[in-house]
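Novice: Fold the stuff below for me.
(3 chains)
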Amino acid sequence: MSFTPHTPEEIREMLATIGVGSIGDLFRPIPKELRARSFDLPPGMSEFEMMARLQEMAARNGRVVPFVGGGYYDHVIPAAVDHLAGRSEFYTAYTPYQPECSQGSLQALFEYQTAICRLTGLEASNASLYDGGTALAEAAMMALRVTGRGRILLDGAVNPFHRAIVRTYLANLPVEIVELPPVNGMLDRQSLAGKLDDRCAAVMVQNPTFFGCVADYSDLAAQVHKSGALLVSAVYAVSLGLLKPPGDMGVDIAVGDGQSLGNHLSFGGPAFGFITAKKQYIRNMPGRIVGETVDREGRRGFVLTLQAREQHIKRHKATSNICSNQSLCALRGLIFLASLGKRGLVELARLNRDKAEYAKRALAAVRGVTIPPGGPTFNEFTIRLPKRADDVVASLLQRGIAAGVPLGSYYPGEENSVVVTVTEKRTKGEIALLARELEGALWN
Amino acid sequence: MSNMYYTKEHEWVKIDGNIATVGISDYAAHQLGDITFVELPKPGKAVKQFEVLCAIESVKAASDIYAPVSGTVLSVNETLNTRPEIVNESPEESAWMATMKMTDPSEVAKLMNREQYDEYRKGL
Amino acid sequence: MELIYEISVNGRRGVRLPASDVPAATPLPGEFLRAEPAGLPELSELDVVRHFTQLSRRNIGVDTTFYPLGSCTMKYNPKAMEEGARLFLPFHPMIALLPGGEALAQGTLAILHHMEEALEEITGMDAVTCQPLAGAHGEMTGIMLIAAYHKAKGNRKKYVIVPDSSHGTNPASAAMAGYQVVTIPTAPYGDMDLEAFKAALNGEVAAVMMTCPNTLGLFNPHIKEICDMAHGVDALVYYDGANLNAILGQLRPGDVGFDVVHVNLHKTFGTPHGSGGPGSGPVGVKKALIPFLPVPRVVRRKDGSFTLAADNPQSIGRMANFFGNFGVIARAYAYTLMLGREGLIEVSELAVLNANYVMSRLKDLYELPFDQTCMHECVFSASRQLQHDIHAIDIAKFLIDKGFHPPTVYFPMIVKEAIMIEPTETESKATLDAFIDAMREAAELAEKDPAALKRAPVTTPISRLDETKAAREQNVCFA
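Specialist: Sure thing, here's the model as predicted:
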């Protein structure tokens, strides 16, 4: 079963038109000695049997109450997002190369770009990247192109997975990455000051940091610009309902994971990454960009623009190799933001912070748990335990609670620390359960 | 005797003493279509003959522009930053891209004069 | 049509959030806060629903329209795959990375592992990673694996060879991995010029990137020779899987000698293209490259359970946040289960049949630069129509009026006025006949009434757009 409509009679007619005797004849260009030596796959099945199989597999995953983030967050998703993004005119189209029959995607992406610009306080957004980590790597490369310099100063308080992606992406280029160990969950500004010089292309930070700390990088931006480097900040989209946007701080390029905007957790993807920058850097941006123009009658319309930056034209000199992005996920992000609206996003952000602050107090009240020094937090915060965090988190997991991300694997010396995430979906009852179970795990 | 010369890559160069002014030919401008961006070189940039000097973009194409002669970039035509369309309107006059200080005047021998260039173009 | 920002009404509310069951927190100090709310629209839910439903009607997709976009494999996306992927939406990826968390992710890890195994068998490779998030991302992963291989062996390599007919992502990916690109021209017989290739091949070549069948839709009978010659100088050979649909079950890149392949799940394995993504670009490798694969790797333990291995010192590291575009991978896994061995073989058979049928019925009217049996797609040139000042783009726009998505035009760049048609296996003879009729009508109009083609499209909400204005003005955000 391969979803093919051909009847045997039609196949015969088509072969006759082509002038060959069999389908096998069409594969004659492939020499016999190159033919597949094996193709050992099971026989096919109906969709019903397939579903039964997948249901059985889904049942093998455990369900827990998630107090974990690490770049992906368990937020509400309005029903309209699934329904509208599921319209097959969006769902089964491809990249809008032919604008006249793709105005739906193109206008939506223009609206998406606008939403991301307004959220981040910057002037130019592309039509999405793969994810937050690859967006950070693309931002690094963008800064290298803009400045013509060869060193990246990377704050250790940036998501360790995203830092790993930056290292992988840049591994084969003549670039030096200097990672700055964080202090109290934040950028070590003193250490940075000593390293900021005319070899530096970018300083890369995150807000809130992986430890959950909220920062204002306004003064940092001035310092970075003085050295001729760019300031790149990763941001958490939902937090921008409340937090100062990177553009207002003087950040040059902002990136982030768009998952928190209407995209399901889906075991890590698909979601999307976003990238926005000051307008002057638009030619150095990677990926697709939609621009406004007019048709022959002067009516407004949208097209893919500045394509001469891209791989299909500029090949090895392109700003990036990216072709397919995460369009549908970006569309979900736009529908999410439009559904919540101007005040809804503020409320959502506030709700997250309220719940997290409540949980922070509840956990701080657990015997032996301390809140390490650091700035204020948004919906994630670090707690320090009197025991190895790995053991405690593992034991809580057995009891149906993902209590947070233990930091020991990513930050030597932080073996007793856990980053706890509390979104609007966590209830007071679940928070109480977490506190109770944590107490139990620590002292029973 | 004209002091304009052309390259096989369709750049023109106007020689005035040891100063060379560089642009792209009317033929090249027409082939590229509507120019949307000229990536001008940085003054002070040193470049050898037939090496990449700068780049130019139209909606569907991106092309390198090669230096017709060796030298150092003295000045660039800043107007092209805001009005790239003059490359289409006046490729061989208003849309000059850079002036260069020539280092080797004998290199001109490797270039074509207008007649030779027209002949070369016909063969394309 | 108005922008969503233009229909916003001050004070209008949309989706309601859950009420808070905790006290309000002390506000953050002012320096951390935004001065005013982001300028998002204020709309009712119905406003939002109407807006995006109207927008969707200004789009066409495979579900509405025949979409023979060459090189993109726009086949039908079976609906059951959507239902299958939906089962996994609530699972947080971070859970699997917590101490003891793998036990709670056995179903999702199993899917990743099973899909990797299936792709190993389909491509003839020794190991597969599903981490890359799209085809180009897979290419980049593959070239980085090759770079890591050479580095580990102490090889000094500088160049990557690509044919001039390749996708632009090939040279772009090679450049991102720090290599210089050497481009080999296409010979009159439609394949990479073998003599030029031999001349370019030397000990400093790290890799040769091949698309097979190539972007002209032709099978290159010399691929084995090319692999062997490359291996002779310890260069590895990369298989760009964009055109895998043509050879499913017929040929396996691994058997031929390719060292690295990427597969586009959104092309060959029928996952929806989503207006430009998400895709998924798993990468398969031969044994020698396994140590360099990105982490974490999904590994099957002796007891049959699955674990994530991240402690591989030679690994290139991480290419993505987590484990790849899991939802896309789950759809492709569902597709593979439904089709099975016979179904997948039938895919290539009927894809090739459809392409040759279209080619046979159009080659009297359109120039066929390489007239031979094609694989899953055929590439014409509008050079004959050009005599009447009709370009490939004019034919494309006319096809929109006739109710079709146009084929890929102007690619591959080596064909002047290229029209690249990939019908895919899921289209019926009747659909192909209707498309062929429209193409024939276009050829006729080119001679008799070229102005009619220049006017097209006339049935769409807007006519042809001024792309120059867009590129010069760079209006990319609503003011």
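Novice: ok, for the residue sitting nearest the centre point of chain B, nearest residue in space, not its chain neighbours?
Specialist: For chain B, the residue whose C-alpha lies nearest the mean C-alpha position (Cα atoms, centre = their mean) is residue B:23; its distance is 2.6 Å. Here the nearest residue to residue B:23 in space, its sequence neighbours aside, is residue B:96; by Cβ to Cβ, 6 or more residues apart in numbering or on different chains that works out to 4.6 Å. Every residue, glycine included, has its C-beta placed from N, CA and C.
Novice: which phi and psi does residue C:434 have?
Specialist: phi -60, psi -40 (degrees, to the nearest 10).
Novice: who's in contact with it?
Specialist: With contact set as Cβ atoms under 8 Å, 6 or more residues apart in numbering or on different chains, residue C:434 has these partners: residue C:66.
Novice: repeat for residue C:332
Specialist: By Cβ under 8 Å, 6+ apart, the neighbours of residue C:332 are C:81, C:115, C:265, C:269-271, C:280.
Novice: pLDDT of the helix or strand containing it, averaged?
Specialist: Counting by DSSP states H and E, the secondary-structure element that holds residue C:332 is helix C:326-362. The predicted model gives helix C:326-362 an average pLDDT of 98.
Novice: quick one: buried residues of it?
Specialist: Buried residues in helix C:326-362, counted by 16 or more other Cβ atoms under 10 Å in any protein chain shown: C:326-341, C:343-362.
Novice: follow-up on the earlier one: looking at the contacts of residue C:332, which has the most residues close by?
Specialist: Scoring the contacts of residue C:332 on neighbours with other Cβ atoms under 10 Å in any protein chain shown, the highest-scoring entry is residue C:280 at 34 neighbours.
Novice: and it, helix, strand or coil?
Specialist: Assigned by DSSP: H, G, I helix; E, B strand; the rest coil, the conformation of residue C:280 is coil.
Novice: My understanding was that it contacts residue C:265; is that so?
Specialist: Yes. Under the criterion of Cβ atoms under 8 Å, residue C:280 makes contact with residue C:265 at 4.0 Å.
Novice: The most centrally placed residue in chain A and residue A:163, how far apart?
Specialist: The residue lying closest to the centre of chain A (Cα atoms, centre = their mean) is residue A:257, at 2.5 Å. Distance of residue A:257 to residue A:163, given as Cβ to Cβ, to the nearest Å: 14 Å.
Novice: ok, back up a step: hmm, the helix or strand following the helix holding residue C:332 touching chain A?
Specialist: As assigned by DSSP H and E, the chain's next helix or strand after helix C:326-362 is strand C:378-381. No. Taking Cβ under 8 Å from any Cβ of the partner chain as the criterion, strand C:378-381 and chain A are apart, separated by no less than 11.4 Å.
Novice: Strands along chain C, start to end?
Specialist: Counting by DSSP state E, chain C forms strands over residues C:127-129, C:159-163, C:180-184, C:205-211, C:236-241, C:260-263, C:283-285, C:297-300, C:306-309, C:378-381, C:408-409, C:418-421, given from the N-terminal end onward.
Novice: Just send the ones you listed back as TSV, with mean neighbour count and mean pLDDT too.
Specialist: Formatted as TSV, the strands of chain C follow (neighbours: other Cβ atoms under 10 Å in any protein chain shown; pLDDT from 0 to 100):
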stretch	mean neighbour count	mean pLDDT
strand C:127-129	24	98
strand C:159-163	26	97
strand C:180-184	19	97
strand C:205-211	26	97
strand C:236-241	29	98
strand C:260-263	29	98
strand C:283-285	30	98
strand C:297-300	18	97
strand C:306-309	17	97
strand C:378-381	26	98
strand C:408-409	22	97
strand C:418-421	26	98
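Novice: Which stretch among those approaches residue A:11 most closely?
Specialist: Using Cβ to Cβ as the criterion, the shortest distance between residue A:11 and the strands of chain C is 18.3 Å, found for strand C:378-381.
Novice: Can you list the buried residues in the longest helix that chain A contains?
Specialist: For chain A, the helix with the greatest residue count under DSSP state H is helix A:327-364. By 16+ other Cβ under 10 Å, the buried positions in helix A:327-364 come out as A:327-360, A:362-363.
Novice: can you give me the angle the helix or strand following it makes with helix A:327-364?
Specialist: Tracing the chain past helix A:327-364, the next element assigned as helix or strand by DSSP H and E is strand A:380-384. Interaxial angle of strand A:380-384 relative to helix A:327-364 (axes from the mean of the first three to the mean of the last three Cα atoms, to 10 degrees): 40 degrees.
Novice: what sits against the residue found closest to residue B:50 once you drop the neighbours it is linked to in the chain?
Specialist: Spatial nearest neighbour of residue B:50, excluding adjacent residues (Cβ to Cβ, 6+ apart): residue B:66 at 5.2 Å. Neighbouring residues of residue B:66 by Cβ under 8 Å, 6+ apart: B:7, B:9, B:11, B:50-53.
Novice: Would you mind giving me the ChimeraX syntax to select the buried ones in these?
Specialist: Listed next is the ChimeraX selection for buried residues among the contacts of residue B:66, using 16+ other Cβ under 10 Å:
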select /B:7,11,50,53
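Novice: still on that earlier bit, so what's the residue nearest to the centre of chain A closest to, chain neighbours aside?
Specialist: Using Cβ to Cβ, 6+ apart and skipping the chain neighbours, the partner closest in space to residue A:257 is residue A:132 (3.2 Å).
Novice: thinking that neighbour is in contact with residue A:261, fair?
Specialist: No. Look at residue A:132 against residue A:261 with Cβ under 8 Å: they stay out of range, at 11.6 Å.
Novice: Which neighbouring elements make contact with the longest strand anywhere in chain A?
Specialist: For chain A, the strand with the greatest residue count under DSSP E is strand A:200-207. The criterion is 3 or more Cβ pairs under 8 Å, 6 or more residues apart in numbering or on different chains; DSSP states H and E, and the helices and strands that strand A:200-207 contacts are helix A:132-147, strand A:151-155, helix A:218-226, strand A:230-235.
Novice: Tell me the strands beside the last one, with direction?
Specialist: The partner list of strand A:230-235 in its sheet, established with DSSP bridges, is strand A:200-207 (parallel), strand A:253-257 (parallel).
Novice: Report the buried residues of the first one.
Specialist: Put plainly, it is strand A:200-207. Of the residues in strand A:200-207, those scored as buried under the neighbour-count criterion (16+ other Cβ under 10 Å) are A:200-207.
Novice: any chance of the helices and strands packed on strand A:200-207 in JSON lines, with mean neighbour count and mean pLDDT too?
Specialist: Rendered in JSON lines, the data for the helices and strands packed on strand A:200-207 read as follows (neighbours: other Cβ under 10 Å; pLDDT from 0 to 100):
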{"stretch": "helix A:132-147", "mean neighbour count": "26", "mean pLDDT": "98"}
{"stretch": "strand A:151-155", "mean neighbour count": "24", "mean pLDDT": "98"}
{"stretch": "helix A:218-226", "mean neighbour count": "16", "mean pLDDT": "98"}
{"stretch": "strand A:230-235", "mean neighbour count": "27", "mean pLDDT": "98"}
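Novice: if I look at residue C:119, how far off is chain B?
Specialist: Here residue C:119 is placed at a distance of 35 Å from chain B (Cβ to the nearest Cβ, to the nearest Å).
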